[in-house]
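Trainee: I'd like to go over a predicted model; first the sequence, then the structure.
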Amino acid sequence: MAVLELGPGHCDALVRFFAGLPEGDLTFIKEDVTDPETVRSWTTGAAAGGRWVAVDTGGEGGDSTVEVTGYVAVRPLPGWSDHVGEVRLVVSPSSRGSGLGRELARRALVEAVGSGLSKVVVEVVAEQGAALALFTELGFTGEALLTDHIRDRSGQLRDLMVLAHHVGQTWAGMDTVGIADELSSAGG
């Protein structure tokens, strides 16, 4: 298992990854990840960078031997919020509970801080207790509860929680989870 920056050679495997997600998971992804052109666009122009995939490789060869098991992105917000990055994280159902989500979330946080973002946010459906715990352990705190803010594919309204990591306020505590060391080694 390796976590790699998303490149053109991963696009077909990432499309297969998204196509294999349960319908319920697709509800909570903002972009149309079922469109191969959307996924391919992430590796060019302004959309390039800030995205990583967890991959298992089946040996030598092309993209057909690569299996994506997770995806994470940090997308800087536009305009007057350009100091804020939004984390988007998806882990395959078969890899949940393995620590992969934590590894990807840590990578996203390290990269966000390393790129100069001073605030990182993530939106989590309120019922997703494991995701809430994961981000809380990484220094994120609740910033907003948006009641009945999203509608799942069956039409049911769900609450959305916005969690935030304020880098300046939180960084001193990051030594306790090893992120400061990770950031230092990533930069040098």
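Mentor: Yep, that arrived. Note that this is a predicted model, so its numbers are computed, not measured. Numbers count the residues shown, from 1 in each chain.

Trainee: now the helix of greatest length in the chain: average pLDDT?
Mentor: Longest helix of the chain, by residue count under DSSP state H: helix 100-114. Helix 100-114 carries an average pLDDT of 92.

Trainee: got the buried residues for it?
Mentor: Buried residues in helix 100-114, counted by 16 or more other CB atoms under 10 Å: 100-113. (Glycine included, C-beta is placed from N, CA and C.)

Trainee: is the residue nearest to His10 when sequence neighbours are not counted in a helix, a strand, or coil?
Mentor: Once flanking residues are discounted, His10 sits nearest to Val53: 5.3 Å by CB to CB, 6 or more residues apart in numbering. Of the three states, Val53 takes strand according to DSSP: H, G, I helix; E, B strand; the rest coil.

Trainee: how much space between Val53 and Arg107?
Mentor: Distance check for Val53 against Arg107: by CB to CB, to the nearest Å, it reads 11 Å.

Trainee: ok, Trp42 next?
Mentor: Separation of Trp42 from Arg107 (CB to CB) stands at 16 Å.

Trainee: which of the helices and strands in this protein ranks last by mean pLDDT?
Mentor: Across the helices and strands of the chain, the lowest-confidence element by mean pLDDT, DSSP states H and E is helix 179-187, at a mean of 56.

Trainee: number of nearby residues for the closest residue to Phe140 other than its chain neighbours?
Mentor: Nearest in space to Phe140, with sequence neighbours left out and distances taken as CB to CB, 6+ apart, is Leu163 at 4.0 Å. Here the number of neighbours of Leu163 (other CB atoms under 10 Å) works out to 22.

Trainee: restrict the host helix or strand of Leu163 to CA atoms and write it as CSV.
Mentor: Leu163 belongs to strand 157-166 when elements are defined using DSSP states H and E. The C-alpha trace of strand 157-166 is given here as CSV (Å, rounded to 0.1, in the frame of the first residue of the first chain):
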residue,chain,number,x,y,z
LEU,A,157,-32.6,14.8,5.1
ARG,A,158,-29.3,14.6,7.0
ASP,A,159,-27.4,16.9,9.4
LEU,A,160,-24.0,18.0,8.3
MET,A,161,-21.2,18.9,10.6
VAL,A,162,-18.4,21.3,9.7
LEU,A,163,-15.2,20.6,11.5
ALA,A,164,-12.2,22.9,11.4
HIS,A,165,-8.5,22.7,12.2
HIS,A,166,-7.2,26.2,13.0
